[in-house]
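*Asks:* Using only what follows, build the 3D model:
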Amino acid sequence: MSEVGGRQRVVRVLPDVAAIDKEFDYRVPDGVEVHVGDVVRIELHGRRVGGWIVAVDVEPAPGVALKPLAKVSGRGPGPELIELASWAAERWVGRRASFLRTAAPPGVVVAKAGRAVMDGPAPAPAPSSAAHRAALAAERGVLRLGPGADRYALVLAAASSDRLGPGGQLLVLCPSVAEARTLGRRLRADHVRTAIVAADGPASAATGEWIQAAFGLARVVVGARAGAWAPTASLGRIVVLDEHDEAYQQEQAPTWHARDVAIERARRAGVPCLLVSPCPSLEALQWGDLTLDDRSAERAAWPRIDLVDQRDLDPALGPLFSPRLVDVLRSDRSVVCVLNRTGRARLLACTACSSLARCAVCDAAVHQTEAAAGTEGFGCGRCGTERPMVCLECGGHRFKNLRLGVSRAREELEALAGTTVAELTATTPEDDPAVADARIVVGTEAALHRVRQAEVVAFLDFDQELLALRYRAAEEAMALLVRAGRLVQRAAVRRGADGPDRRGLVLVQTRTPDHPVLAAAHQADPGRLVASELPMRQALGLPPTTAMAAVSGAAAPELMGALGEPEGIRVQGPLGDAWRIIAPDHETLTAALRSVPRPSGRLRIAVDPLRL
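*Replies:* Residues are numbered from 1 along each chain as shown. From the prediction side, this is the model:
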């Protein structure tokens, strides 16, 4: 009988319904065993929906006839993740259900409660640097390692029994599913019991990995962003690799960040949390103490950064092709050229009158397009209007490229290199043979994620990254250099290069060679960027020195009208179709947003937006 002290057991359930963030009481049928976090089915307003048990043995309101649980489907996120979801819902002004969906198993888990004992020996401590050992000894902190540093040795050291204790589990987060799977397979190859809680593959296999983590069958649990919500039986430590990577932040609202979830989860569990990065974010540096690797080791782990001043280029070579780049292209080395502009040409001017090519409807700059019949034309990215290639000022038909796109750059690179050049953007198929077989690849930032290794990475127009109208542009640009450095050093190690060649080459074309990002990367010292970036953020009142939210959507005007301007809150906007809400801290920010009723209609509240 499902009774407590002679009375029927009652549980509290949070429905898995997007518009509802309220709990309801239900009776537990006789003979049914339930736990906090179990996944259930309930009758709600005449229909059957899913949900999670958030409390057991509750005292129901007197005189209320309770419905029974329709079904207990299986195990779900444990009590600690239920509580963590409540914290995250407050922190990012969202609903608990969205977080619990991430924490729930991919399939039905009917395993009994209790934790299995891990069999097999724990991994022996791996050789590690003094910085590794110091960081692992700390309760909380940030470890700065160069892009080419051996992070695997750090993970092995963190997974050793003297770091985790008997039965303790290590949770490791990676920026992408592919990286998590690679790390997990490498650990398994070294006989470390590992659960890879990645969000792809067959549901049955993913559910099996979830069970391995939840019932203590794995010493190490590896995941990507969603791995911050992975189950553990006995959490012993959390390590976040490349914590600076933007992939850790959820794009859809609520815009939660895996780094911050990991920090809070470790705090609640009373275990250490280590953030690892070649260029730690300002948010990470505000949270924990920084540990540095030996300077010579850190410098050796950075690539060689060659700066090409585009102000000195010969106009006859075009805006993006320096003699240094041409020499690299004509060598026998594998090269990835990065240009974060798709299409053929993104900015053109009439050769007759030098007027910029503009839209005839909204006056925005137009880009070059190619119709299905192969004819070229102009397209407007603002209003979508397309028209023939004709100058609105003088009627001319010839235009010069002021800002090439990837497609046009590929054509010119092929002419300069005398060989086939592959094009790679976010829309390029994963298994495109042209990319796999090409010595030279040109593409957007996607090329840095899709190409496994290259001897040279060349940024054709790095000023586009440095001068982007985003408050995090400098950090984002540094992250690109880090990823490029990892590509070229991976290739150098594989071919057995020694000396300076072991560092690999990153070629950066820019008109601002003295920019703090480039100075920091050239000196292999990201701290130089922090020294210039943090005071600027403080002066402008930008995160992480403040807390910020962006509010948009059809219902945004109603919400902002009800909010007004509370004390301690600064409101900017509307800027375009969005408002910015700035507060001294997150507690003040979320309290203000929670103080007004949420209107009906489409509404997006992005706390800590990456881009403004």
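
*Asks:* what's around residue 296, how many residues?
*Replies:* Neighbour count of residue 296, defined by other CB atoms under 10 Å: 9. Just so you know, the C-beta spots here come from the backbone N, C-alpha and C atoms, and that holds for glycine as well.

*Asks:* nope, residue 309 is what I meant
*Replies:* When neighbours are counted by other CB under 10 Å, residue 309 registers 13.

*Asks:* do residue 188 as well
*Replies:* Neighbourhood size, residue 188 [other CB under 10 Å]: 16.

*Asks:* tell me which element residue 529 is part of?
*Replies:* Applying DSSP states H and E as the criterion places residue 529 in helix 527-540.

*Asks:* so how far is that helix off the chain centroid?
*Replies:* Put simply, helix 527-540 sits 22 Å off its chain's centre (CA atoms, centre = their mean, to the nearest Å).

*Asks:* can you check stretch 407-424 too?
*Replies:* Between the centre of stretch 407-424 and the centre of its chain there are 31 Å (CA atoms, centre = their mean).

*Asks:* avg pLDDT for it?
*Replies:* This predicted structure assigns stretch 407-424 an average pLDDT of 92.

*Asks:* With stretch 381-397 instead?
*Replies:* In this model, stretch 381-397 has a mean pLDDT of 85.

*Asks:* Can you tell me what sits against it?
*Replies:* Residues outside stretch 381-397 that contact it (CB atoms under 8 Å, 6 or more residues apart in numbering): 350-353, 355, 357-362, 364, 366-369, 376-380, 399.

*Asks:* Span of it from start to end?
*Replies:* Using CA to CA, to the nearest Å, the end-to-end distance of stretch 381-397 comes out at 21 Å.

*Asks:* Identify each buried residue in that stretch, please.
*Replies:* For stretch 381-397, a neighbour-count test (16 or more other CB atoms under 10 Å) marks 387, 389-392 as buried.

*Asks:* How about stretch 521-540?
*Replies:* Neighbour counts over stretch 521-540 (16+ other CB under 10 Å) mark 521-522, 524-526, 528-530, 533, 537 as buried.

*Asks:* Packing partners of the longest helix anywhere in the chain?
*Replies:* Longest helix of the chain, by residue count under DSSP state H: helix 473-494. With contacts defined as 3 or more CB pairs under 8 Å, 6 or more residues apart in numbering; DSSP states H and E, the packing partners of helix 473-494 are strand 335-338, helix 446-450, strand 456-459, helix 463-466, strand 505-510, helix 516-522, helix 527-540.

*Asks:* partners of the first one, with directions?
*Replies:* Paired strands of strand 335-338, with direction, are strand 440-443 (parallel), strand 456-459 (parallel) (DSSP bridges).

*Asks:* where in the stretch 151-300 of the chain is pLDDT low?
*Replies:* 199-201 (pLDDT under 70).

*Asks:* Show me where it has its strands.
*Replies:* Applying DSSP state E, counting those that start in this stretch to the stretch 151-300 of the chain gives strands spanning 169-173, 194-196, 220-223, 235-241, 273-277, 290-292.

*Asks:* out of those strands, nearest to residue 27?
*Replies:* strand 235-241 (33.3 Å; CB to CB).
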